[in-house]
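**Q** take a look and give me a structure for this.
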Amino acid sequence: MVMRFLRNGTRVFASEQHTILSAATVIGFIYCISAFLGFIKNRLLSGFFGDSAELGVYFAADAIPNLIFSLLISGALSAAFIPVFTKHYKKDSENAWDITSSLLNVSLFIFLIFTVIVMFSADFIAKEIIARNSDLTVSDLAMMASLMRIMMVAQIILIFSTFFTSILQSFNKFVVPALAPVTYNIGIIIFILLFIKPLGIYAPAYGMIFGAVLHMCTQIPLIRSVGYKYKFLFDIKEKGIHEVYKLMVPRTIGQAAQKFLNPLYTNLALFISAPSNVILTFATDIQSLPVKVFGMSIGQAALPILANAIKEDDNLDEFKILLLKTLQQIVFFVLPMSVLIFVLRVPLVRLTVGASKYSWEATVMTSYSLGFFSISLVAQSLVMILARAFYALRDTKTPLFISTIAISVNAVLAIWFVRELNLGVWSLALAYTIGSYINFSLLFVFLMKKIGGIDFKDFLLHINRIGLATFVTGVALYIPFRAMDELVFDTTRTLGLIVLTGTVSLIGFITYIFFAWLLKIRDLELIIYTFGVIKKKLVGDTGPEVLND
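**A** Down below sits the predicted model:
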């Protein structure tokens, strides 16, 4: 039995997923592992540094490296690369590989230029951009600049890894690309445990470099198996490269607007106080779990599969069916998760980052921020699907236009809340939530117009049933949570907190399943299907498919 598990567990790394749900199930499962490691990482950071200014500076230092990488490589390039690579590979695989190598080298060259700029101007960036109008000391600013330089090195390594991820996803291989972030977190954790005493806050920064190396090396065996061999090509006249950058430019502008929020939010959080940036980062990490497990995993799986669903005669019937099912699946999974996080926000914060050095005031403010973030989880997840639906249709301009509007509203509200109304760090989460719903609403309206609409009567009926089941689940979560918190469990101790959170979550899960069955919500089969896919991949169960999506 053990050997069978190991044999099938190894085989799943190279397997292909041909449906959105099967691919998303595997990706989401691995994201849960990555989230658990992220929990360990944050727990270690809060245990060593608490809600200190030092940790706030560490998180702030990543704003610019992450911004540059996201603009030039991760979101924009991968979204444009997959459709173009898939098209060229079907015609001429050798040419597709040459395009990949040239594109990789061009991207690396451009990024190195930005790296040199950041290396020489890190002190200016830290003082005048990231921490402008904050109360950080000269030593804090010098520390931020040094950390920023280290983090830029990690991003250089991640360029190769991101290309590997996009290539593998083009072949419907999602397991290893999803596993790579797991190894990235492992690298950071290793450096924290081994070098925190001699290096201090620099240990997790150097861990990012080590994690990036692991992130890349994890994908190398599989990337070689699909036929890719790196070539030192720099053919900027290649037609395929022009196609990628043509699609990429609107997406990059959109990413620029979106990622502009990161340094802005960091600056506003530091304007309140350096510990506020720690609070904002931890709240963001907790709320991102359901978005990654469901929204991001389904979104990554959806792009190549939705692209293949568009027929040569531009027939969108299959595309519409897949899109509609995917939207419903997102709501089915994420809506109850958002209610659970809202109700259990305080114990979740305490379990995730609560430590002797993390103050009760910081815990309360983190829970406030998490509560406002949780309201927008469905919108955040649906935006990932709707945007990728546009990319599959080779339309990157419409999402750019819409995201610019939403982000502008988001930014104005955030500045107004903090600078004019002097509200706490939780107001940044509120501004983000409002922006997320504006983004989702406009994307949905414009996409429906582009594809000719859907069966709204059936769609809304389905969503209303999910909403009703979620409402009852929220009541079933809140009442036992309040009762057990006050009368049953000693939540001053970690064990009592774990038992309380687990018990209430189980009650909520059972309630949601029961009412989903009672209301005949067809997505209930997804729960069974999810466990079936994982079991089939790891144990080798050859039983019948539960659901064909």
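**Q** and the helix or strand in which residue 407 is found, what's buried?
**A** Following DSSP states H and E, the helix or strand that holds residue 407 is helix 397-415. Neighbour counts over helix 397-415 (16 or more other Cβ atoms under 10 Å) mark 398-400, 402-404, 406-407, 410-411, 413-415 as buried. C-betas here are computed from N, CA, C, even on glycine.
**Q** now render the residues you listed as TSV, adding distance to residue 80.
**A** TSV is the format used below for the buried residues of helix 397-415 (distance: Cβ to Cβ, whole Å):
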residue	distance to residue 80
398	15
399	12
400	12
402	18
403	15
404	18
406	21
407	20
410	24
411	25
413	30
414	29
415	31
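**Q** so what's the gap between stretch 402-421 and the chain middle?
**A** Offset of stretch 402-421 from its chain centre (Cα atoms, centre = their mean, to the nearest Å): 22 Å.
**Q** and residue 246, how many neighbours?
**A** Residue 246: 13 surrounding residues under other Cβ atoms under 10 Å.
**Q** for residue 7, give me the pLDDT.
**A** Per-residue pLDDT puts residue 7 at 46.
**Q** what sits against residue 394?
**A** Counting by Cβ atoms under 8 Å, 6 or more residues apart in numbering, residue 394 makes contact with 83, 247.
**Q** report pLDDT for it.
**A** What the model reports as pLDDT for residue 394 is 76.
**Q** how about the helix or strand hosting residue 94: buried residues?
**A** Take DSSP H and E as the rule and residue 94 turns out to sit in helix 93-125. Residues 96-108, 111, 114-115, 118, 122, 125 are the ones in helix 93-125 that count as buried (16+ other Cβ under 10 Å).
**Q** name the SS class of the residue nearest the centre of the chain, please.
**A** Nearest residue to the geometric centre of the chain (Cα atoms, centre = their mean): residue 292, 4.3 Å. Three-state call for residue 292 (DSSP: H, G, I helix; E, B strand; the rest coil): helix.
**Q** can I assume it is in contact with residue 35?
**A** Yes. Contact criterion Cβ atoms under 8 Å: residue 292 and residue 35 qualify, at 6.9 Å.
**Q** follow-up on the earlier one: and the next helix or strand past the helix holding residue 407?
**A** That would be, after helix 397-415 and using DSSP H and E, helix 426-451.
**Q** elements contacting that next one?
**A** Here helix 426-451 touches helix 261-272, helix 274-290, helix 317-343, helix 360-374, helix 377-392, helix 397-415, going by 3 or more Cβ pairs under 8 Å, 6 or more residues apart in numbering; DSSP states H and E.
**Q** what angle sits between that helix and helix 397-415?
**A** Orientation check (axes from the mean of the first three to the mean of the last three Cα atoms, to 10 degrees): helix 426-451 against helix 397-415 gives 160 degrees.
**Q** shift numbering so it begins at 54
**A** All right, first residue 54 from here; so that's helix 479-504.
**Q** report the buried residues of helix 479-504.
**A** Neighbour-count burial for helix 479-504 [16+ other Cβ under 10 Å]: 479-493, 495-497, 499-500.
**Q** again, but for stretch 502-521
**A** So stretch 502-521, judged by 16+ other Cβ under 10 Å, has buried residues 515, 516, 518, 519.
**Q** of all these, which comes closest to residue 200?
**A** Closest approach to residue 200 among the buried residues of stretch 502-521 (Cβ to Cβ): residue 519, at 43.5 Å.
**Q** element containing that closest one, please.
**A** helix 509-540.
**Q** what packs against that helix?
**A** helix 370-396, helix 547-571.
**Q** how far does it sit from the chain's center?
**A** Using Cα atoms, centre = their mean, the offset of helix 509-540 from its chain centre is 25 Å.
**Q** how big is the angle separating that helix from helix 430-445?
**A** Going by the same axes, to 10 degrees, helix 509-540 makes 140 degrees with helix 430-445.
**Q** ok so, going back, let me have the helices and strands packed on helix 509-540 in CSV, extended by mean neighbour count and distance to residue 123.
**A** Formatted as CSV, those follow (neighbours: other Cβ atoms under 10 Å; distance: least, Cβ to Cβ, whole Å):
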stretch, mean neighbour count, distance to residue 123
helix 370-396, 21, 23
helix 547-571, 17, 33
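**Q** as JSON lines, those with mean pLDDT would be great.
**A** Below are those laid out as JSON lines (pLDDT from 0 to 100):
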{"stretch": "helix 370-396", "mean pLDDT": "86"}
{"stretch": "helix 547-571", "mean pLDDT": "87"}
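**Q** any chance of the ones you listed in JSON lines, plus distance to residue 190?
**A** As requested, the helices and strands packed on helix 509-540 are exported to JSON lines (distance: least, Cβ to Cβ, whole Å):
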{"stretch": "helix 370-396", "distance to residue 190": "36"}
{"stretch": "helix 547-571", "distance to residue 190": "34"}
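**Q** mind checking which of these is nearest residue 186?
**A** Of all those, it is helix 370-396 that lies closest to residue 186, at 32.2 Å by Cβ to Cβ.
**Q** list the helices and strands the very next helix or strand once past that closest one packs on?
**A** Next helix or strand after helix 370-396 toward the C-terminus (DSSP H and E): helix 398-406. In terms of contacts (3+ Cβ pairs under 8 Å, 6+ apart), helix 398-406 is packed against helix 73-102, helix 327-343, helix 413-427, helix 547-571.
**Q** wait, what's in contact with residue 325?
**A** Going by Cβ under 8 Å, 6+ apart, residue 325 touches 471, 477, 478.
**Q** where does the prediction get shaky in the stretch 404-553 of the chain?
**A** 407-409, 539-545 (pLDDT under 70).
**Q** run the last query once more with 50
**A** The model of the stretch 404-553 of the chain has no residue with pLDDT under 50.
**Q** any chance of the buried residues of stretch 502-521 in TSV, plus distance to residue 318?
**A** Conversion of those to TSV gives the following (distance: Cβ to Cβ, whole Å):
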residue	distance to residue 318
515	35
516	31
518	36
519	31
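**Q** once you drop chain neighbours, what's closest to residue 397?
**A** If the residues on either side of it in the chain are set aside, residue 397 comes closest to residue 554, at 5.9 Å by Cβ to Cβ, 6 or more residues apart in numbering.
**Q** does that neighbour really touch residue 396, like I thought?
**A** No. Using Cβ under 8 Å, residue 554 makes no contact with residue 396, being 10.4 Å away.
**Q** residue 161 and residue 210 touch, don't they?
**A** No. Here residue 161 lies out of contact with residue 210, judged by Cβ under 8 Å, at a distance of 10.5 Å.
**Q** so where is the stretch 54-203 of the chain shaky, pLDDT-wise?
**A** 54-66.
**Q** swap the cut-off to 70 and go again
**A** In the stretch 54-203 of the chain (pLDDT under 70), the answer is 54-77, 125-132.
**Q** which secondary structure element is home to residue 263?
**A** Using DSSP H and E, residue 263 sits in helix 255-278.
**Q** quick one: contacts for residue 184?
**A** 113, 193, 194, 197, 320, 323 are the contacts of residue 184 under Cβ under 8 Å, 6+ apart.
**Q** and the two most separated of those residues?
**A** The largest separation in the contacts of residue 184, counting by Cβ to Cβ, is between 193 and 320 at 14.1 Å.
**Q** could you check how far residue 471 is from residue 189?
**A** 16 Å (Cβ to Cβ, to the nearest Å).
**Q** related to what we said a few turns ago, as TSV, the helices and strands packed on helix 398-406 with distance to residue 264 would be great.
**A** What follows is those, written out as TSV (distance: least, Cβ to Cβ, whole Å):
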stretch	distance to residue 264
helix 73-102	10
helix 327-343	16
helix 413-427	25
helix 547-571	27
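**Q** pick the most deeply packed of the ones you listed.
**A** helix 327-343 (a mean of 25; mean count of other Cβ atoms under 10 Å).
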